[in-house]
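Engineer: Take this sequence and fold it.
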Amino acid sequence: MQPVTRIHSRTAVLPDENIDTDRIIPARFLTTTTRAGLGKLCFNDRRYLPDGSDNPAFPLNKPEAKGCAIVVAGRNFGCGSSREHAPWALLDYGIHAVLCSEIADIFRNNSLKNGLLAIVISPAEHRWLLANPGVELTIDVQGQYIALPDGGRIGFELEPFARHCLLNGVDQLGYLLQHADAIEAFESRVGKAA
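Structural biologist: Residues are numbered from 1 along each chain as shown. This is a model prediction of the structure:
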């Protein structure tokens, strides 16, 4: 996992509410344990027409959404079943942050563990971002704020351990492995005391 310190991008808007993990990555594609290639399957059932061509009505297929790494999603994004494939698919597609007034807890936790920023913002801030697609934002993980084009800022909360892992580019296992010497020393001390 690469460190996530700052993201600068225009926003793309997915205004639908209750976009569940099956819409992000349909269950029939959950046969892989690797992340590579999941981006082409991201939003598969809405992104493509039955003949396999791009659906021009799907918001992320619109020319103004191309290259956007920040998505402003409708309320209750990532609801439904727990699957790490959903953040994997979004990251492989090129999305590095999702902003919303309500994000499903399990999806949010899975996202943060995998390097996808899933940021909860206030309903008023959310309404403004939904109404202003294409706005350029800078997300600062260290400072825990989103810089707006007018100089304003939107603050956001990150659990300290998740923030540490994002800034240092480690997942939970990577964090533990960083402390392998201390863990072995502790186990040795405990083993001798027993």
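Engineer: Tell me how many other residues surround residue 108.
Structural biologist: If you count neighbours by other CB atoms under 10 Å, residue 108 ends up with 23. C-beta coordinates here come from the backbone N, C-alpha and C atoms, glycine included.
Engineer: The one 4 residues further on too?
Structural biologist: Residue 112 is surrounded by 22 other residues when neighbours are defined as other CB under 10 Å.
Engineer: For it, give me its contacts.
Structural biologist: 118, 158, 159, 162, 165, 166 (CB atoms under 8 Å, 6 or more residues apart in numbering).
Engineer: ok, the fifth one touching residue 178?
Structural biologist: No: in terms of CB atoms under 8 Å, residue 165 does not count as a neighbour of residue 178; the distance is 10.4 Å.
Engineer: Those two: who's more crowded?
Structural biologist: Legend: neighbour count by other CB under 10 Å for residue 165 and residue 178, higher for residue 165 (23 against 12).
Engineer: For the helix or strand harbouring the more buried one, buried residues please.
Structural biologist: For residue 165, the host element (DSSP states H and E) is helix 160-168. Across helix 160-168, burial judged by 16 or more other CB atoms under 10 Å covers 162, 163, 165, 166.
Engineer: show me the contacts for the first one.
Structural biologist: Neighbouring residues of residue 162 by CB under 8 Å, 6+ apart: 109, 112, 113.
Engineer: Who are the packing partners of the helix or strand of the chain with the lowest mean pLDDT?
Structural biologist: With mean pLDDT, DSSP states H and E as the measure, the helix or strand of the chain carrying the lowest mean pLDDT is helix 172-178 (a mean of 75). Applying 3 or more CB pairs under 8 Å, 6 or more residues apart in numbering; DSSP states H and E, we find helix 172-178 packed against helix 160-168.
Engineer: Distance of residue 14 relative to residue 119?
Structural biologist: 15 Å (CB to CB, to the nearest Å).
Engineer: neighbour-wise, which of those two wins?
Structural biologist: Neighbour count, other CB under 10 Å: between residue 14 and residue 119, residue 14 has more, with 24 against 21.
Engineer: sorry, back to before: following the least confident helix or strand of the chain in sequence, what is the next regular element?
Structural biologist: Counting by DSSP H and E, what follows helix 172-178 is helix 180-193.
Engineer: any idea how far the helix or strand where residue 89 lies is from the chain center?
Structural biologist: Following DSSP H and E, one finds residue 89 within helix 85-93. Here the centre of helix 85-93 is set off from its chain's centre by 8 Å, with CA atoms, centre = their mean, to the nearest Å.
Engineer: contacting residues around that helix?
Structural biologist: With CB under 8 Å, 6+ apart as the test, helix 85-93 has contacts from 21, 24-25, 29-30, 32, 35-42, 71, 78, 98, 107, 110-111, 114-116, 118.
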